[in-house]
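how would this look folded up:
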Amino acid sequence: MSNTTKYCLIYAILSQETSERLNMGVLAFGDGKVFYRYSERKLEALKQILPKESFDFYCGVLSSLETKSISSSSIDYLNRYSNNLFAVSEVKTVDMPFSAETQQWLYHNYVDVVA
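Prediction:
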């Protein structure tokens, strides 16, 4: 078991002009496994902000992340073809083993404190 976990954050881009964004989810990688979780609560708020077409596109992206195997090349692809609606951060490393506790810690610290 590795003592580090790699992760990246998923952002909804609210405004290109002002660089406003909302942390929507987290992807974590470790020991050959992937953890993915996004905030349903923030998704509901996003529905009130974005036009329907943009919201539907964003929901499609979030759904596809649940069903695809995620790699650094797929993260790069998502960033390139995001229609300026979302972004994925650079992959970072945290000195914590890949575990349920680390996954919860990442989600609660970077995405949403409400479970």
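
all helices for the chain, in order.
Remark: helices assigned in the chain by DSSP state H are 40-49, 52-67, 72-80, 100-110.

okay, those helices, which one's buried deepest?
Between those, the one whose residues have the most neighbours on average, counting mean count of other Cβ atoms under 10 Å, is helix 100-110 (a mean of 15). Quick note: C-beta positions are derived from backbone N, CA and C, even for glycine.

Next, the residues that contact that one from outside, please.
Contacts with helix 100-110, where a contact means Cβ atoms under 8 Å, 6 or more residues apart in numbering, come from Thr5, Tyr7, Leu9, Asn23, Val26, Ala28, Gly30, Phe35, Arg37, Val94, Met96, Ala115.

Mind putting those into JSON lines with distance to Trp105, neighbour count and pLDDT?
Supplementary listing: these in JSON lines, determined by distance: Cβ to Cβ, whole Å; neighbours: other Cβ atoms under 10 Å; pLDDT from 0 to 100:
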{"residue": "Thr5", "distance to Trp105": "9", "neighbour count": "22", "pLDDT": "92"}
{"residue": "Tyr7", "distance to Trp105": "10", "neighbour count": "22", "pLDDT": "91"}
{"residue": "Leu9", "distance to Trp105": "14", "neighbour count": "18", "pLDDT": "92"}
{"residue": "Asn23", "distance to Trp105": "14", "neighbour count": "17", "pLDDT": "92"}
{"residue": "Val26", "distance to Trp105": "10", "neighbour count": "23", "pLDDT": "93"}
{"residue": "Ala28", "distance to Trp105": "10", "neighbour count": "24", "pLDDT": "90"}
{"residue": "Gly30", "distance to Trp105": "13", "neighbour count": "22", "pLDDT": "86"}
{"residue": "Phe35", "distance to Trp105": "11", "neighbour count": "20", "pLDDT": "89"}
{"residue": "Arg37", "distance to Trp105": "12", "neighbour count": "18", "pLDDT": "92"}
{"residue": "Val94", "distance to Trp105": "8", "neighbour count": "16", "pLDDT": "94"}
{"residue": "Met96", "distance to Trp105": "7", "neighbour count": "18", "pLDDT": "94"}
{"residue": "Ala115", "distance to Trp105": "13", "neighbour count": "7", "pLDDT": "57"}
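
Many thanks, have a good one.
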